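A.B. asks: here is the input, now give the coordinates:
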Amino acid sequence: MENDLQRIDVKLLLDAPAAPDLDPFLTIFDRWRRVEDHPCDWVDLADYAHMAQGPGILLAGKRDRYAVNLNPPGPGLLTSTQSGLSGGLRERFAAALRRARELNAALTSEPEFPADFQTREGCWEIFVNDRLGFPNDDATDARIRPAAAAAFGVNPQQLARHADPLGRLGYSLRAR
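C.D. replies: Numbering: from 1, shown residues only. Next up is the predicted model:
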C-alpha cells in the first residue's frame, strides 16, 4: 500500500495581511504556466481569491499542484503532489517536502512576491490526501508519522495529528 502513496499535501504557513491581495501571484503563476519544460508540467491556473478561506490562487500541473492557499489554519504555500513519488514512505515524504521547498524558494524569490507576505519557517501542515488507502486512524498514524517526521527532521511527537477521524490524515508541525 505504501507504494501507492502519491498524494501528499505540504503547506508552509505564511504571515500575511488579513485581506491579502493575491493579484501578484496571478502574474507570477501565469508566467510559470508558460514554461514548457517545467517538471510539474503546468496545465491550468485558477483564481479563487474571492473566497475568504479557500484555495486562493492555484497552479495545476500533471505532476503537482501549487497554490497560495487561504484555508485554515491560515494562509500558506501549498504543494500537492500528484505523481512521481517512489521508494518507501520516508522517501515519498522527503520528495514531497523537497518539491515544496523548491517551489517555495522560486516563488519567494520572484520580484513580484509581496513584501507583506512572510514565510513562517518551521510551521507546516502535512496531509495524506488519500482517505481510502490511508484513513485517519491509529494504525495508519503509526505507519505514517515516523516517515513524515524523519523527512522533516523532527521527533515524531512534534507532529500534532489532526483529530477529525472523517478527515484526511494530517499533522501540524510548529518547529520554529
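
A.B. asks: surely residue 53 is in contact with residue 71?
C.D. replies: Yes - between residue 53 and residue 71 a contact is recorded at 5.7 Å, counting by C-beta atoms under 8 Å. In this view, the C-beta of every residue, glycine as well, is placed from N, C-alpha and C.

A.B. asks: where in the protein is pLDDT low?
C.D. replies: Scanning the chain for pLDDT under 70 picks out 1-3, 176.

A.B. asks: mind naming the longest strand for it?
C.D. replies: strand 118-128 (DSSP state E).

A.B. asks: most remote residue from this structure's center?
C.D. replies: residue 139 (23.5 Å; C-alpha atoms, centre = their mean).

A.B. asks: how about it, secondary structure?
C.D. replies: helix (DSSP: H, G, I helix; E, B strand; the rest coil).

A.B. asks: doesn't residue 165 make contact with residue 137?
C.D. replies: Yes - look at residue 137 against residue 165 with C-beta under 8 Å: they come within range, at 6.7 Å.

A.B. asks: returning to what we had before: what sits against the residue farthest from the centre of the chain?
C.D. replies: By C-beta atoms under 8 Å, 6 or more residues apart in numbering, residue 139 lies in contact with nothing.

A.B. asks: from residue 124, how far out is it?
C.D. replies: 23 Å (C-beta to C-beta, to the nearest Å).
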